[in-house]
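Engineer: predicted coordinates and the sequence they were generated for:
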Amino acid sequence: MSLVPSFVDGDAFSQPLGKVVCVGRNYAEHAKELDNPVPDAPLLFIKPATSVVPLEEPIGGPFERSDVHFETELALLIGETLREATPEQAEAAVVGVGLALDLTLRDVQSALKKKGHPWEIAKAFDGACPLSRFVPIEAPLNWSAIEFSLDMNGERRQHGVARDMLFAIPALLSEMSQHFTLAPGDVVLTGTPAGVGKLEKGATLAFELTLPSGQRHALETRVLG
C-alpha cells in the first residue's frame, strides 16, 4: 500500500502517494562534480511509490550491493492534474514543499551508464526516496528564493538555493507535464546541488528548509548500520 503524503501540521493529503518524477543535473555545479555535461533540456526519470519511505525515520539502504550516495532535493507535492500545463498552471498546482533524498547506488549507476543501459535499479530500489512531510502552500511563492541544506554529523555537506537551478520550478513542472500527466499525490524532485557523497552508516543527518517568508522547517534523522 502506498504512503499518504502528510503535512507538517499533521494533516494527511487527500490522495495516496503516486509516482516520484525526478530531474537529473538541474544544478550546473553538481553536473560538473560528477564529470557530466550540463544538459540543455531537463533529464527526467521516475521513482515508483515503493521507493518512498519517511525521511523522519531512520534510513537504511542496500549497502551490501554498492556505495549508497545521498542527493538532497527540494520536493514538491502536486495537488491538481497537470497535462500539457503552462508554467503558471503548473506552479498553482503545488500544494506542499518538502525535502527528499534521492539515494543512488553510485557504483551500479556508473557501470550501467558505461554500458548505455537504463539505470533505474540504481535509483528506484525500495527505500531509495526518503521523503519529508510537506509545508503547505496556499499561494504561488517566489520559488527562486527557497533554500535547503543537509548537515552530516554536524558538517555542512549540501546547500541549495532554487535560483541556481538550470530549469526553474514553474518551467520544469510545465516541461514534465508535456511528457506525462502529473496527478494529485505525485511528488516532483527538483535536482540536487553540489556536495553529494557516500551515505555513512550510523551518521546523523540534519536537514533545513527555508521558504521566502523566512519560515523554516528542520528535521533530523540517522542512518542505520
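Structural biologist: Looks like it came in fine.
Engineer: now the helices: where do they sit in the chain?
Structural biologist: 28-33, 87-92, 106-114, 169-179 (DSSP state H).
Engineer: helices or strands next to the first one in the packing?
Structural biologist: The helices and strands touching helix 28-33, judged by 3 or more C-beta pairs under 8 Å, 6 or more residues apart in numbering; DSSP states H and E, number zero. From N, CA and C alone the C-beta is placed, and that goes for glycine too.
Engineer: alpha carbons only: can I get that helix in PDB?
Structural biologist: Below are the C-alpha coordinates for helix 28-33, written out as PDB (Å, rounded to 0.1, in the frame of the first residue of the first chain):
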ATOM      1  CA  ALA A  28      25.500  23.100 -13.000                       C
ATOM      2  CA  GLU A  29      28.000  22.500 -10.200                       C
ATOM      3  CA  HIS A  30      26.600  19.100  -9.400                       C
ATOM      4  CA  ALA A  31      26.900  18.100 -13.100                       C
ATOM      5  CA  LYS A  32      30.500  19.200 -13.000                       C
ATOM      6  CA  GLU A  33      31.400  17.400  -9.800                       C
END
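Engineer: got the contact list for that helix?
Structural biologist: Applying C-beta atoms under 8 Å, 6 or more residues apart in numbering, the external contacts of helix 28-33 come out as 25, 37-39, 164, 166, 191-196.
Engineer: who wins for most neighbours among the residues you listed?
Structural biologist: When neighbours are counted by other C-beta atoms under 10 Å, Thr192 leads the contacts of helix 28-33 with 28 neighbours.
Engineer: show me the contacts for that residue.
Structural biologist: 26-27, 30, 71-73, 102, 158, 160.
Engineer: about what we covered before: please identify the deepest-packed of the helices of the chain.
Structural biologist: helix 169-179 (a mean of 19; mean count of other C-beta atoms under 10 Å).
Engineer: centre of the chain to that helix, how far?
Structural biologist: 15 Å (C-alpha atoms, centre = their mean, to the nearest Å).
Engineer: can I get the CA coordinates of that helix in PDB?
Structural biologist: Extracted in PDB, the C-alpha atoms of helix 169-179 (Å, rounded to 0.1, in the frame of the first residue of the first chain):
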ATOM      1  CA  ILE A 169      10.400  25.300 -10.900                       C
ATOM      2  CA  PRO A 170       7.400  26.500 -12.900                       C
ATOM      3  CA  ALA A 171       9.100  25.800 -16.300                       C
ATOM      4  CA  LEU A 172      10.300  22.400 -15.000                       C
ATOM      5  CA  LEU A 173       6.800  21.300 -14.000                       C
ATOM      6  CA  SER A 174       5.400  22.500 -17.300                       C
ATOM      7  CA  GLU A 175       8.000  20.600 -19.200                       C
ATOM      8  CA  MET A 176       7.300  17.400 -17.200                       C
ATOM      9  CA  SER A 177       3.600  17.700 -17.900                       C
ATOM     10  CA  GLN A 178       4.300  17.800 -21.700                       C
ATOM     11  CA  HIS A 179       5.600  14.200 -21.500                       C
END
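Engineer: and it, what does it pack onto?
Structural biologist: By 3+ C-beta pairs under 8 Å, 6+ apart, helix 169-179 packs against strand 20-24, strand 43-47, helix 87-92, strand 187-189.
Engineer: pLDDT on stretch 105-125, on average?
Structural biologist: Mean pLDDT, computed over stretch 105-125, is 93.
Engineer: endpoints of that stretch, how far apart?
Structural biologist: Distance across stretch 105-125, first residue to last, is 9 Å (C-alpha to C-alpha, to the nearest Å).
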